[in-house]
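Chemist: Predicted model, plus sequence, below.
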Amino acid sequence: MRVGVIHNPVAGGGHRARVATGVEQRLHARGFDVISGETHRPGDATRLARQLSPEVDALVAVGGDGTVNETINGLTEPIPLGIVPAGTANVLALELHLPRDIEGACRVIAEGKKRTLDLGRANGRRFVLMAGAGLDALTIRELDPEAKRRFKHLAFVAGGLRSYHRHHARRFPAVVDGERHEATFAVVGNSRFYGGRFGLTPKADPADGLLDVLLFDGEGTLSTVAFWLGTPLHQHLRHPRVTYLRGAEILLGDPLEATGGAAQPTDAVPIRDDPGEPRASVETRPDEPVEADADDRAVGGLEPVWYQTDGEVAGSLPVRLSVEPRALEVFVPRAARGRPFPG
């Protein structure tokens, strides 16, 4: 079996290079023919995935959720994906109950147990975990990479509080399978977990052909604090300003805003992976929709409402979201047998 391993050799002070070397050695020892692909500049993981997909039987992403996201956006063949967690949050690895050690992660790949997951699309860009619009994307956009590296999840909490006090929440329309709502914050989840073990869409099943949609339309401080305090025990679903839906086609934002002073489409969508990695741009195919520069899409002087996919800022509203049913195979532990999604 031929396997392609994609990793960034300089991220995390070279930690991921050591992890990747360990992955290659262990897969070789288990009889795999390994091709290693190193990323050195923006878009390399997506480009490597496109190059390697036709030549290998499986791909392995060594990194965090950003690395996985960039890799799935480069897949051109229906081959399975292995994941060796080496990022900050590793939310997908947490959902799949993947081992955090190299030996355990390689054992999962060698055992060959697979599950098929749905993928989401946000203006043509794939995501496996979630898309979010509003405060979370703004927090990610303003987050200091050094703070993220040092304080991990606490950096998001502190950053979120700063963003909340610096920016007034903007309301935007949210249309779910033709049904119109309003929100100041929205999460479209393909999985239960949102960041670490926070389960904003705890009912999500990434094999049901639908996306779970959580809409929050509160604006006041007390309402917002109550929402976030309720998330650990899923009490946020009882919040009076929360609407929880499922759908296959979702529109966040007003499409007319995109026509007001929109820039010409760019050739790449900016993303950022884990600390230590350079600011990245994911290459897009000619037939894929691309985002206009969000800074040029503010209408009437209003600040754009940003959205993120899999924890990386992807643009500003409007965004159309849809689902690709059963579009990705991933290696999972044998203990996950019989569960549509381990957990």
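Modeler: Great, that's in hand. Numbers count the residues shown, from 1 in each chain.

Chemist: Pro255 and Val175 touch, don't they?
Modeler: No: judged on CB atoms under 8 Å, Pro255 makes no contact with Val175 at a distance of 9.9 Å. For every residue, glycine as well, the C-beta is placed using N, CA and C.

Chemist: neighbour count winner among the two?
Modeler: Using other CB atoms under 10 Å as the criterion, Pro255 and Val175 rank with Val175 on top: 18 against 13.

Chemist: give me every residue that touches the more buried one.
Modeler: For Val175, the contacting residues are His181, Ile250, Leu251, by CB atoms under 8 Å, 6 or more residues apart in numbering.

Chemist: Distance of Glu249 relative to Val332?
Modeler: For Glu249, the distance to Val332 (CB to CB, to the nearest Å) stands at 28 Å.

Chemist: out of those two, which sits in the more crowded spot?
Modeler: More crowded of Glu249 and Val332, by other CB under 10 Å: Val332, with 24 against 13.

Chemist: Return the residues in contact with the more buried one.
Modeler: Here Val332 is in contact with Leu96, His97, Leu98, Val108, Lys113, Lys114, Arg115, Pro342 (criterion: CB under 8 Å, 6+ apart).

Chemist: tell me the phi and psi of the third one?
Modeler: Spelled out, it's Leu98. phi -80, psi 140 (degrees, to the nearest 10).

Chemist: So what's the residue count around it?
Modeler: There are 23 residues near Leu98, going by other CB under 10 Å.

Chemist: roughly how far apart are it and Leu92?
Modeler: For Leu98, the distance to Leu92 equals 8 Å [CB to CB].

Chemist: Need the overlap of contacts for the two.
Modeler: Residues touching both Leu98 and Leu92 (CB under 8 Å, 6+ apart): Ile83.

Chemist: what about the helices in the chain?
Modeler: 15-29, 44-52, 65-72, 91-95, 102-111, 135-142, 145-151, 153-166, 221-229 (DSSP state H).

Chemist: Just give me the lowest mean pLDDT stretch among those helices.
Modeler: Among the helices of the chain, helix 145-151 has the lowest mean pLDDT, at a mean of 49.

Chemist: List the contacts of the residue lying closest to Gly31 once chain neighbours are set aside.
Modeler: Nearest residue to Gly31 in three dimensions, chain neighbours excluded: Met1, at 7.6 Å (CB to CB, 6 or more residues apart in numbering). Residues counted as contacts of Met1 (CB under 8 Å, 6+ apart) are Gly31, Phe32, Asp33, Asp57, Ala58.

Chemist: could you redo the last one with a cut-off of 10 Å?
Modeler: Counting by CB atoms under 10 Å, 6 or more residues apart in numbering, Met1 touches Leu27, Arg30, Gly31, Phe32, Asp33, Val34, Val56, Asp57, Ala58, Ile109, Ala110, Gly112.

Chemist: now swap in Arg192 and tell me
Modeler: Counted by CB under 10 Å, 6+ apart, Arg192 has contacts 91, 94-95, 129-130, 198-206, 212, 234, 341, 343.

Chemist: now do 7 Å
Modeler: When the contact criterion is CB atoms under 7 Å, 6 or more residues apart in numbering, the partners of Arg192 are Glu95, Gly199, Thr201, Pro202, Ala204, Gly343.

Chemist: Among those, which one has the most neighbours?
Modeler: Top of the contacts of Arg192 by neighbour count (other CB under 10 Å): Ala204, with 27 neighbours.

Chemist: So what does that one have for phi and psi?
Modeler: The phi/psi pair for Ala204 (degrees, to the nearest 10) is phi -70, psi 140.

Chemist: so it makes contact with Gly189?
Modeler: Yes: between Ala204 and Gly189 a contact is recorded at 4.4 Å, counting by CB atoms under 7 Å.

Chemist: State the distance from the closest residue to Leu96 other than its chain neighbours to Leu117.
Modeler: Nearest non-adjacent residue to Leu96, counting by CB to CB, 6+ apart: Val332, 5.2 Å away. Per CB to CB, Val332 is found 10 Å from Leu117.

Chemist: go on, Ala49?
Modeler: 17 Å.

Chemist: and Thr201, what does it touch?
Modeler: Taking CB under 7 Å, 6+ apart as the contact definition, Thr201 lies against Val187, Gly189, Arg192, Asp212, Leu214.

Chemist: could you show me where the strands are in the stretch 151-300 of the chain, in order?
Modeler: All strands of the stretch 151-300 of the chain, identified by DSSP state E, counting those that start in this stretch, fall at 172-176, 179-183, 185-189, 211-216, 242-247, 249-252, 268-271, 280-283.

Chemist: What residues sit buried inside the second one?
Modeler: What that stands for is strand 179-183. For strand 179-183, a neighbour-count test (16 or more other CB atoms under 10 Å) marks Ala183 as buried.

Chemist: that older thread, tell me which entries of the contacts of Val332 lie within strands.
Modeler: Residues of the contacts of Val332 located in strands (DSSP state E): Lys114, Arg115.

Chemist: If burial is judged by neighbour count, which of the contacts of Val332 pass?
Modeler: Using 16+ other CB under 10 Å, the buried ones in the contacts of Val332 are Leu96, Leu98, Val108, Lys114, Arg115, Pro342.

Chemist: pLDDT below threshold where in the protein?
Modeler: 10-16, 42, 142-167, 195-197, 257-301, 336-343 (pLDDT under 70).

Chemist: domain ranges for it?
Modeler: If you go by automatic domain parsing, the domain ranges for the chain are 2-117+327-336, 125-324.
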